[in-house]
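Peer 1: got a sequence here, can you model it:
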Amino acid sequence: AYRLRTDETLQRVAVGRQLALDSGAKEHSAAQFLAAVQQEEIAGQKYAAGDFKEALAAATRAEKGFEGARLSKIRRATQAVQSAVAAQAEQYAPEGVARAQSLLAEAKLDMEAKAYSDSNRKADEAAQQATQAEVQTWNKRGQEKIAEWEKAYAKAVADFAEQRTPELLAESKQAGVAAKAEFAVKNYRLSHEQAVSALGALERADTALGDQAQAAVEEMRARLTDLSALAADETGRSLLTGLVAQMAACETARETHDLRSVFTQAQQFQNTADQTEAQLKSHNLAAQRDRLLAQVQKAKQQGITLFMKESAQTIEQMLQQFHPSARAEDYAEAQQELAAGAAGGEPVLEHLLRPAGNHVQQPRRPGPGLHWGEVDDDGDELVTGPRVTPDVLIHPDRRHPVEPGRVGDQHPLPLGQDRSVGGVPR
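Peer 2: Just a heads-up that it's a prediction; the model follows:
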């Protein structure tokens, strides 16, 4: 069986060798033609030795070799056309690639008709046309990509990529410069590849910037929520109007991927937010101070300060010296001081229509902040009715010229100078 198959294959090898010679393969594909001749000789040697299996294998290689040598020009032209098409020459160099495809088709027909001279010529011309079309294609695509990179790079710089994604921007710049260098020496395909790499780095930078923009918007939203908690009245809420508008504009910029506007507006927002926070805190402290002053004034109008005059004057003087705008930075402490003031002046500020009974008011000396003394209640005095003159003793940190001789509902011990109600001599 191997012998019969080898005999048939060797016959086809002889025909193929002659066709290859006729097509000029010995000249235009010399290496491939000679390799086929060597395989034909090996097949003969193996056949003579009775090794028909190896003879068949060598004969098969010789047959394919002669065919390949004969069709080598057409195959090269076919590869050139395919490469041009893969490079998108039908889009960038349509006339050139169409001409190459037409010539290739004619070369194949001439080869079948054994018009080898015409076939080889047309195949060579087809390969040349395809190669030129591909070069033109890479030239145009390289130019496009470099221009695209330059535009994208400028936008990345405008979007603060130098400050926010410096490593990716540097990577892109390096590849972009290389793309230009390769283009200058007409390595258009490599130039295109470098430009694509440069754009890839910018795309990663853009993604990172987009994430940062989203984070900036979320930070603005959180800051606005915190400031809203400080807006205790209509005046406070009106101070947030500008920030709300800035927030909306920033969100719109993020949705349209206008990253430069996002980062610019975010910075402006934070600056405005700092100012607004100070204004809100100052306003709240002023409102709190004014409420306390109003209570003191009401106490005066109702005559309650007749018995607490010095304490009321002390509270009023300290409130008038309180500057809200100067205390915005230590807002929490200032609030506590005002709250302490309200607690310390409770008989004046919070019990305007109720007598204090037998109390001793002992305010401390004014310090740098608003701190008042507390009212000490012995707990066993009889409470009088509303607007009834109470038995009360206003006692700052000094002696009164005149002390009452007796106090109702008390034992004899506390009566007299420098004695507190329900207490012992000082």
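Peer 1: ranges for the strands of this structure?
Peer 2: 359-361, 375-377, 393-394 (DSSP state E).
Peer 1: for Ser23, see how far away Arg76 is.
Peer 2: 14 Å (CB to CB, to the nearest Å). Using the backbone N, CA and C atoms, a C-beta is placed for each residue, glycine as well.
Peer 1: those two: who's more crowded?
Peer 2: Neighbours were tallied for Arg76 and for Ser23 using other CB atoms under 10 Å; the higher tally belongs to Ser23 (26 against 18).
Peer 1: spatially nearest residue to the more buried one, not counting backbone neighbours?
Peer 2: Closest residue to Ser23 apart from its sequence neighbours, by CB to CB, 6 or more residues apart in numbering: Tyr116 at 4.1 Å.
Peer 1: burial check on that neighbour, number of neighbours?
Peer 2: Quick note: Tyr116 (other CB under 10 Å) scores 19 neighbours.
Peer 1: that one against Gly24, yeah?
Peer 2: Yes: look at Tyr116 against Gly24 with CB atoms under 8 Å: they come within range, at 6.4 Å.
Peer 1: could you list the low-confidence segments of the stretch 201-350 of the chain?
Peer 2: In the predicted model, the stretch 201-350 of the chain carries pLDDT under 70 at residues 303-313, 315-317, 320-321, 340-350.
Peer 1: any chance you could map the helices in it?
Peer 2: Here the stretch 201-350 of the chain has its helices, by DSSP state H, counting those that start in this stretch, at 234-238, 241-255, 259-301, 309-321, 331-344, 346-349.
Peer 1: point out the one among those that comes closest to Asn139.
Peer 2: helix 259-301 (32.8 Å; CB to CB).
Peer 1: so which elements touch that closest one?
Peer 2: helix 188-230, helix 234-238, helix 241-255, helix 309-321, helix 331-344, helix 346-349 (3 or more CB pairs under 8 Å, 6 or more residues apart in numbering; DSSP states H and E).
Peer 1: I'd like these as a markdown table, with distance to Glu182 and mean neighbour count appended.
Peer 2: Below are the helices and strands packed on helix 259-301 laid out as a markdown table (distance: least, CB to CB, whole Å; neighbours: other CB atoms under 10 Å):
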| stretch | distance to Glu182 | mean neighbour count |
| --- | --- | --- |
| helix 188-230 | 4 | 17 |
| helix 234-238 | 61 | 13 |
| helix 241-255 | 37 | 16 |
| helix 309-321 | 76 | 18 |
| helix 331-344 | 62 | 17 |
| helix 346-349 | 83 | 23 |
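Peer 1: could you dump the ones you listed to TSV with distance to Trp149?
Peer 2: Formatted as TSV, these follow (distance: least, CB to CB, whole Å):
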stretch	distance to Trp149
helix 188-230	5
helix 234-238	48
helix 241-255	24
helix 309-321	65
helix 331-344	51
helix 346-349	71
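Peer 1: let me know which of the ones you listed is the nearest to Gln32.
Peer 2: Here helix 188-230 is closest among the helices and strands packed on helix 259-301 (CB to CB), at 27.5 Å.
Peer 1: and the angle for that closest one with helix 241-255?
Peer 2: Per axes from the mean of the first three to the mean of the last three CA atoms, to 10 degrees, the angle that helix 188-230 makes with helix 241-255 is 160 degrees.
Peer 1: the most centrally placed residue in the chain - nearest residue in space that isn't next to it in sequence?
Peer 2: Central residue of the chain (CA atoms, centre = their mean): Gln212, 1.7 Å from the mean position. Leaving out its chain neighbours, the residue that sits closest to Gln212 by CB to CB, 6+ apart is Arg164, at 5.9 Å.
Peer 1: so what's the residue count around the one you found?
Peer 2: Neighbours of Arg164 (other CB under 10 Å): 17.
Peer 1: for it, give me its contacts.
Peer 2: Going by CB atoms under 8 Å, 6 or more residues apart in numbering, Arg164 touches 208-209, 212, 263.
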